[in-house]
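Peer 1: When you get a sec, could you give me coordinates for this:
(2 chains)
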Amino acid sequence: MSKEKRIIRDHKEMPRSSISSEDMRWNRTGSWRNVKPFYDPKTSPCIAGCPAGEDIQSYIQLAKEERYEEAVRLIWESNPFPAICGRVCYHPCMDACMRTQHDEPVFIPAIERYLGDYAIEHRLMPDAPAQKHPHRVAVIGGGPAGLSCAYYLARAGFGVTVFEAKDKLGGVLRYGIPEYRLPKHVLDAELRRLESLGVEVRAKTVVGRDVLIESLGDYAAYFVGIGLQKSRPLGIENENAGGVMPGLAFLEAINTNRKVEVGRRAVVVGGGNTAMDVARSALRMGAEVTVVYRRTRNEMPAIEDEVEEAMREGVDFRFLATPVAILAENGRVQSVRCQEMELGEPDDSGRRRPVPKDGAFFTLETDAMLVAAGELPDTRAFESIARVQNGLIVTDEFGRTSHAKVFAGGDIVTGASTVVNAVARGRGAAELIAAQLLDRKFDPRVHKKVVAIADVNTAYFLHQRRADMARAQQSAEAFAEVNLGLTCTQVQDEMNRCFSCGVCDGCDNCFVFCPDVAISREDGVYTIDYDYCKGCLICVQECPRGVMSIESEAS
Amino acid sequence: MKKVLEGNHAISWGVQASDVKVIAAYPITPQTQIVELLSEMCASGALPARYIKVESEHSAMAAVIGAAAAGARSFTATSSHGLLLMHEMLHWAVGARMPVVMANVNRAVGPPWNIWTDQNDSLSQRDTGWLQIYCESNQEVFDTTLHAYRIAEEVVLPVMLVLDAFFLSHTSEVVDVFRVEEGREYLPPFKPVDFLDPTRPKAFGNLTAPDLYYELRYKIDQDMRRALDVARQADEDFYRLYGRRYGLVEEYRTEDADTVLVTSGTVTSTARVVIDARRERGERIGLLKMRMLRPFPEEDVRRVLGRAQKIAVIDRNIGFSVGGIWAQEIKAALWPLRRHIPLFNFIAGIGGRDVTPGVIEEIVDIAGAVDQPERDVYWIGVKDDELSYTRS
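Peer 2: Below is the predicted model:
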């Protein structure tokens, strides 16, 4: 407190109004507090939603400042293939985007694609590893899981050899996903980065056939990412008639420019991404396409965007139906007899099991029948070295198998999943392998607390629609890329829609609004002077992006 | 230089001549033209002042108090509900001893909604500690703006200058104005004593216990009493420089008057006409114009009315259940007189109802007809079947 009290005997000794006789800073009004704000950066929901853990908020922030190269390199920390994923991913990031609760989500995949294409256009290459190690790792399978694992091991300084069964690398990226979704030149451009890191490729080599894993050579570790190889057959009569093809084989033929015919009408069986790729490809070959799926649209495992595009393009859908017989003539399919289904009790996947409706059948006349009702693993080459269950290689969440030197990831572990999940597991396994080989502690990435909508103050954001991506004209060449990406202006506008949830972007609200002038800012860092902060929590309330949190004064 | 100006603009010119530095205001009918013209003067550079647009009258007064606290001569204007909205801040300006000047255009208070003139808005603020000066003409309005700053800065209390809605605010009259260079002879630059100074930080308006609060209030009262002489001097000095003066009250033909009418605002001008007409007919009738409400010029009132046989106060306002507010003030001022003088309290013109010469004639007739008032309050012209006195 201040000096000893003055005794006033006459009003003439007093000023006209109450004025302190000295500076009042001795009065540390922070002592009045019972709750306390503090800076508590959180994980944006997009980052938590991305299976690869891409730091989306940060790369958007960098790109907003036109630091595109830094943004790209930041993506590469988590995903080597932004140009690919920006095109084909099922974007759980966008589904988690907080902005959905305000107007529409941020078009994150479009931004990622833009940055991926930027990297290709500017021929950006990853930095050479800081240090090279003598160990060499064998990666079996040149699909997204294997490629990701190879990339991160090579960047960490290890020698990598990729064994690939087919002619070229890519797996589902090349032999599954058609050109109109993922042009080969984009895939090849992304793969050139692996080349630049010195990854060795042994193509046309099937491990288990051309060479056994035991005789591969002396590798420090092995990563198995062979994915799912074959379409599951329906198991009905005449499935080997002319015109009936497994979906994966059909896609491989198209993607390698081999001749394949679908005629004027095609029936596609299945409801997953493969079925959608098959249906839309058959359509582009001139057929009228009907997709037959045993459950309803709600249960389809395909990415929602793909289903919408298929419907928009004119693919017909018959839900709650399944083929029961193929009618062939002269060894070629003429029609498909289907049974109507209805939904019963849920099965293991949690979806309601389809149950045949007694006596309800219909027949579809068709020139081709493409079966895309699931894919099967083939683990025969690995059963001697790692535990397999239900046809899939058993691993922990980081990719360790029952064998100390063998790791696995991607669809061969999880069952049918997506590119980004395979990429994530490839990277996770690479980090684990690196730690193991260098005898270092493995520190998996951990997220901070995720921002909730209640933390965000949407009053600070104007409403603005999501950007519209241009699509190819109807008249364009059949397999030309459908989605044409966003322009630079569109991308900038779209990035400005990002709330930057949970991460401070220096907007100064806390600094400006503090009624006690208790928040100061230096070099972009905010500090609260708790001597004077009264805990009014206006800063917490007015932080547009929920960076601040509250704790009780007692703690 | 002579200009034809509406009352509101006369104030704007007065503010410019007073070298005001900060204006913060919120619009309301019928004051808006005051600040509108001021904003144009600021924009053109004719008045090098800072104009702050605020979102309410409460904020306007708060902003002006803040500006004065920083040592800037400040101004705002309002009316009716705007004045009422800033009521809390009116008290604050006084307690904080901020010499701000505000123009209030007297407008009736709602509901029901009413934009015309009566005095309830400003009179209901009479205990806040603000000085209040009521004007009769546009010239007086221009001149009083300068008086107001002179008095305010001398006694360090805020001053409200008051004018009737539409009759003054929107009516054009010839006004002899001058610019700031000429005004500086009368009004020296503002020299604040206690003000916000970042180099010597202090806290203002702190919690003060009863042991000292009492004296701070006493000081306000002392300074407001002192303001009577300060106002007289301000009026005199203005006269010496510019040839115009008004006094704290004005007597019109009261020397041998038996009956004295008491008015304020524009009713005064109408009353002068009636006084003249009656004098023509030989009646000994005069007029006391009330200019100052706070501080109340008790001595002048006692001096003038003490000689009268009858007093007729015309109030364009109402203190519910008590009567006209000016009448109440006058009765209190007359209390020390040993002689009891019959005082008729007339209510007229509330909500802007026209006070014509005919209305004032009726008032004079009613007062003339009896020796003592037959009622506390006469509501002239009120629509009430049961009342016999009213005919307007």
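Peer 1: Figure out the length between the terminal residues of stretch A:8-20.
Peer 2: The first residue of stretch A:8-20 is 14 Å away from its last residue (CA to CA, to the nearest Å).
Peer 1: Only the buried residues of that stretch, if you could.
Peer 2: A:Met14, A:Arg16, A:Ser17, A:Ser18, A:Ile19 (16 or more other CB atoms under 10 Å in any protein chain shown). C-beta coordinates here come from the backbone N, C-alpha and C atoms, glycine included.
Peer 1: got a list of contacts for it?
Peer 2: By CB atoms under 8 Å, 6 or more residues apart in numbering or on different chains, the list of residues contacting stretch A:8-20 from outside reads B:95-97, B:156, B:193-194, B:202-208, B:212, B:215-216, B:218-219, B:223.
Peer 1: before we move on, back to that, would you reformat the buried residues of stretch A:8-20 as JSON lines and include secondary structure and distance to B:Leu305?
Peer 2: Output for the buried residues of stretch A:8-20, formatted as JSON lines (DSSP: H, G, I helix; E, B strand; the rest coil; distance: CB to CB, whole Å):
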{"residue": "A:Met14", "secondary structure": "coil", "distance to B:Leu305": "38"}
{"residue": "A:Arg16", "secondary structure": "coil", "distance to B:Leu305": "34"}
{"residue": "A:Ser17", "secondary structure": "coil", "distance to B:Leu305": "36"}
{"residue": "A:Ser18", "secondary structure": "coil", "distance to B:Leu305": "40"}
{"residue": "A:Ile19", "secondary structure": "strand", "distance to B:Leu305": "42"}
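Peer 1: Format those residues as a markdown table; extra columns: pLDDT.
Peer 2: Shown next, in a markdown table, are the buried residues of stretch A:8-20 (pLDDT from 0 to 100):
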| residue | pLDDT |
| --- | --- |
| A:Met14 | 91 |
| A:Arg16 | 93 |
| A:Ser17 | 92 |
| A:Ser18 | 90 |
| A:Ile19 | 88 |
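Peer 1: ok now stretch B:296-316, how far from the chain's centre?
Peer 2: 17 Å (CA atoms, centre = their mean, to the nearest Å).
Peer 1: what do you get for stretch A:273-291?
Peer 2: 25 Å.
Peer 1: For residue 96, grab the count of nearby residues.
Peer 2: No chain was given, so I picked chain A. By other CB atoms under 10 Å in any protein chain shown, the residues close to A:Ala96 number 20.
Peer 1: switch to chain B, that's the one I care about
Peer 2: With other CB under 10 Å as criterion, B:Ala96 counts 22.
Peer 1: now do A:Lys184
Peer 2: Neighbour tally, A:Lys184, other CB under 10 Å: 14.
Peer 1: Which of the contacts of stretch A:8-20 fall in helices?
Peer 2: Among the contacts of stretch A:8-20, the members falling in helices (DSSP state H) are B:Gly95, B:Leu212, B:Glu215, B:Leu216, B:Tyr218, B:Lys219, B:Asp223.
Peer 1: Which among the residues you listed count as buried?
Peer 2: B:Gly95, B:Glu215, B:Leu216, B:Lys219, B:Asp223.
Peer 1: Relative to B:Ala277, which of the buried residues of stretch A:8-20 is nearest.
Peer 2: Of all the buried residues of stretch A:8-20, B:Ala277 sits closest to A:Arg16, with 49.3 Å by CB to CB.
Peer 1: got the phi/psi numbers for the residue most central in space within chain A?
Peer 2: Nearest to the mean C-alpha position of chain A, counting by CA atoms, centre = their mean, stands A:Val420 at 4.3 Å. Dihedral angles of A:Val420 (phi, psi; degrees, to the nearest 10) stand at phi -70, psi -30.
Peer 1: okay but it is in contact with A:Gly86, surely?
Peer 2: No: look at A:Val420 against A:Gly86 with CB atoms under 8 Å: they stay out of range, at 10.6 Å.
Peer 1: re the thing from before, close to chain A as well: tell me which of the contacts of stretch A:8-20 qualify.
Peer 2: B:95-97, B:156, B:193-194, B:202-208, B:212, B:215-216, B:218-219, B:223 (CB under 8 Å from any CB of the partner chain).
Peer 1: So which bits of chain B are right by chain A?
Peer 2: Counting by CB under 8 Å from any CB, chain B sits next to chain A at B:95-97, B:156, B:193-194, B:201-208, B:212, B:215-216, B:218-219, B:223.
Peer 1: count of residues packed around A:Thr487?
Peer 2: When neighbours are counted by other CB under 10 Å, A:Thr487 registers 13.
Peer 1: How about B:Gly351: what's its closest non-neighbour residue?
Peer 2: Of all residues not flanking B:Gly351 in the chain, B:Ala108 sits nearest, at 4.6 Å (CB to CB, 6 or more residues apart in numbering or on different chains).
Peer 1: Report the contact partners of that neighbour.
Peer 2: B:Ala108 neighbours (CB under 8 Å, 6+ apart): B:Ser80, B:Asn114, B:Ile115, B:Trp116, B:Thr117, B:Asp118, B:Asn120, B:Asp121, B:Ile350, B:Gly351, B:Gly352.
Peer 1: In helices only, show me those residues.
Peer 2: Short answer: the contacts of B:Ala108 in helices (DSSP H) are B:Ser80, B:Asn120, B:Asp121.
Peer 1: For the helix or strand bottoming out on mean pLDDT in chain A, which strands pair with it and how are they oriented?
Peer 2: In chain A, the helix or strand scored least confidently by mean pLDDT, DSSP states H and E is strand A:230-231, which has a mean of 87. Strand A:230-231 pairs in its sheet with strand A:375-376 (antiparallel), by DSSP bridges.
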